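**Student:** Below are the sequence and a predicted model; questions follow.
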Amino acid sequence: MAEHPIKHDVDVIAPDFTLKDQDGKDIKLSDQKGKRVLLSFHPLAWTLVCTNQMQAIEDNYSIFESLRTLPLGLSVDPVPSKKAWADHHGWKKIRLPSDFWPHGEVAAKFDIFRQKNGFSERANIIVDEKGIITFFKTYPLSQLPDINEIIDVLKRM
């Protein structure tokens, strides 16, 4: 699918979803109205670039909090795998929703599910306080998204 960054439509209402995070707790996008949400899609847990992508969010979590933004790390991995991954790396702050079943349904709602591969594109999507997509970017699978780019976008909002 995407071999280079693609910017998708913005200024549209984000599709709602409810997923379980690594602790088995529900996270519903529409319940987050009033704050911004970073949906940071990564193809698969336990891979180097995905680990670095989530580590960058964990390392900058206090900045996201100061910018009234809830960062979420979504992938098709099942809840127990995401829990083991978070525990292995000592991540205490980031929530890692599982888009495992129905498999890739949330990624498909955002039109970034790679049917052939069975996982999502690597993508960062920012949803504003009203549930509107204000930033949407995909990246090559091998590319670590620049966390500073996302922080700068949030600072300008």
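**Tutor:** Cool, got the structure. These numbers were taken from a predicted model, which means no experiment stands behind them. Residues are numbered from 1 along each chain as shown.

**Student:** residue nearest the centroid of this structure?
**Tutor:** Centroid check for the chain by CA atoms, centre = their mean gives S40 as the closest residue, at 2.0 Å.

**Student:** helices or strands up against the strand or helix carrying it?
**Tutor:** Using DSSP states H and E, S40 maps to strand 36-41. Contacts defined by 3 or more CB pairs under 8 Å, 6 or more residues apart in numbering; DSSP states H and E place strand 36-41 against helix 48-59, strand 69-74, strand 122-127, helix 147-156. From N, CA and C alone the C-beta is placed, and that goes for glycine too.

**Student:** Which of these sits closest to K25?
**Tutor:** For K25, the closest of these is strand 69-74, at 11.9 Å, according to CB to CB.

**Student:** contacts for the following helix or strand past that closest one?
**Tutor:** Downstream of strand 69-74, the first helix or strand assigned by DSSP H and E is helix 79-89. Helix 79-89 is contacted from outside by 20-24, 45-46, 51, 54-55, 58, 75, 77, 94, 96, 98, 100, using CB atoms under 8 Å, 6 or more residues apart in numbering.

**Student:** Try it again at 6 Å.
**Tutor:** Around helix 79-89, the neighbours that count as contacts under CB atoms under 6 Å, 6 or more residues apart in numbering are 20, 22, 24, 45-46, 96, 98.

**Student:** Give me the angle between it and helix 48-59.
**Tutor:** 70 degrees (axes from the mean of the first three to the mean of the last three CA atoms, to 10 degrees).
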